[in-house]
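Participant: just to be clear, the model below is a prediction. Sequence and coordinates:
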Amino acid sequence: MLVVDDQELVRGGLRRILRRRDGFVVSECADGDEVPAALAANTPDVVLMDLRMKRVGGIDATRVVRSAAGAPPVLVLTTFDDDQLLSGALRAGAAGFILKDSPAEDLIRAVRTVAGGGAWLDPSVTGRVLSAYRSARPTTPPPNSRIGELTAREYEVLELIGRGRSNSEIAARLGISEVTVKSHVGHIFGKLDLRDRAAAIVFAFDHGVVAPGESMV
């Protein structure tokens, strides 16, 4: 995985949490402008991205990551419960966010969830961030009637995506293969015109598939 943070103490703390013996191999960037070279030199499964950095911020760096072929997912790590910044990170393609004061166990779970194809939105700020995400859109679209085009199974998969479940977790929950889950996810994204899992989570909240306050993990 690639850790992008301009504070050495933070990177050192993350190295201690995300240890090689637990299956994590960590490379580092000290600022967002170092990301392209790091991606060229490594093939991270996930990028753990700070938002506020001196030269290039996390939102712009996330766009760079997500624009690359075979782009790894980005999990935003921040000390700031800044709704606009976090919603901007979602719009840039981040798979989710977690606050820096979260317990180490939650950080490890978040990284593994995102690396496995899931999404993670820190429940302490999810409601406000989703509100900021929606208010930042140029226009507010009418309710998406295409949700009615989903099959019953696709609706179940969308609900589990909305709760932050990875494809493997969805497969285990529904008793189907992961290949079948990927097929359902593709159909959901196509029918609802969704870009990624973070957008699917926003959609699930917007349309009552998952209610605010329900467990994300």
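Facilitator: Structure received.
Participant: point to the residue nearest the middle of the protein.
Facilitator: Nearest residue to the geometric centre of the chain (CA atoms, centre = their mean): A95, 1.5 Å.
Participant: now it, nearest residue through space, not along the chain?
Facilitator: P73 (4.1 Å; CB to CB, 6 or more residues apart in numbering). Every residue, glycine included, has its C-beta placed from N, CA and C.
Participant: so what's the one you found up against?
Facilitator: 46-47, 94-95, 114-115, 117 (CB atoms under 8 Å, 6 or more residues apart in numbering).
Participant: does G12 count as helix, strand or coil?
Facilitator: helix (DSSP: H, G, I helix; E, B strand; the rest coil).
Participant: break the chain down into its structural domains.
Facilitator: Using automatic domain parsing, the domain ranges for the chain come out as 2-131, 145-206.
Participant: kindly confirm my reading that S102 is in a helix.
Facilitator: No: per three-state DSSP, S102 lies outside any helix segment and is coil.
Participant: and the pLDDT for it?
Facilitator: Per-residue confidence (pLDDT) for S102: 86.
Participant: now do the helix or strand S87 falls within, average pLDDT.
Facilitator: Here S87 sits within helix 83-91, counting by DSSP states H and E. Average pLDDT, helix 83-91: 75.
Participant: which strands and helices lie in contact with it?
Facilitator: Other elements packing on helix 83-91 under the criterion 3 or more CB pairs under 8 Å, 6 or more residues apart in numbering; DSSP states H and E are helix 58-67, strand 74-78, strand 96-99, helix 126-135, helix 197-206.
Participant: list the neighbouring strands of the third one plus their orientation.
Facilitator: What it means is strand 96-99. strand 74-78 (parallel), strand 120-121 (parallel) (DSSP bridges).
Participant: quick one: average pLDDT of it?
Facilitator: pLDDT averaged over strand 96-99 gives 85.
Participant: so what's the residue count around the closest residue to I147 other than its chain neighbours?
Facilitator: Leaving aside its chain neighbours, I147 sits nearest to H207 (5.7 Å; criterion: CB to CB, 6+ apart). For H207, the count of nearby residues is 14 (other CB atoms under 10 Å).
Participant: for stretch 99-116, buried residues please.
Facilitator: By 16 or more other CB atoms under 10 Å, the buried positions in stretch 99-116 come out as 99, 107-115.
Participant: ok, stretch 32-49 next?
Facilitator: Across stretch 32-49, burial judged by 16+ other CB under 10 Å covers 32, 34-35, 38-39, 44, 46-49.
Participant: need the strands paired with strand 96-99 in a markdown table (columns: mean neighbour count).
Facilitator: Shown next, in a markdown table, are these (neighbours: other CB atoms under 10 Å):
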| stretch | mean neighbour count |
| --- | --- |
| strand 74-78 | 26 |
| strand 120-121 | 28 |
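Participant: which of these has the lowest mean pLDDT?
Facilitator: Among those, strand 120-121 carries the lowest mean pLDDT (a mean of 79).
Participant: what residues are up against the nearest residue to D45 once chain neighbours are set aside?
Facilitator: The spatially closest residue to D45, leaving aside those adjacent along the chain, is A115, at 4.5 Å (CB to CB, 6+ apart). Contact analysis of A115 by CB under 8 Å, 6+ apart lists 1, 45-46, 73.
Participant: between the residues you listed, which is closest to E159?
Facilitator: P73 (20.7 Å; CB to CB).
Participant: so for that closest one, what's the pLDDT?
Facilitator: 91.
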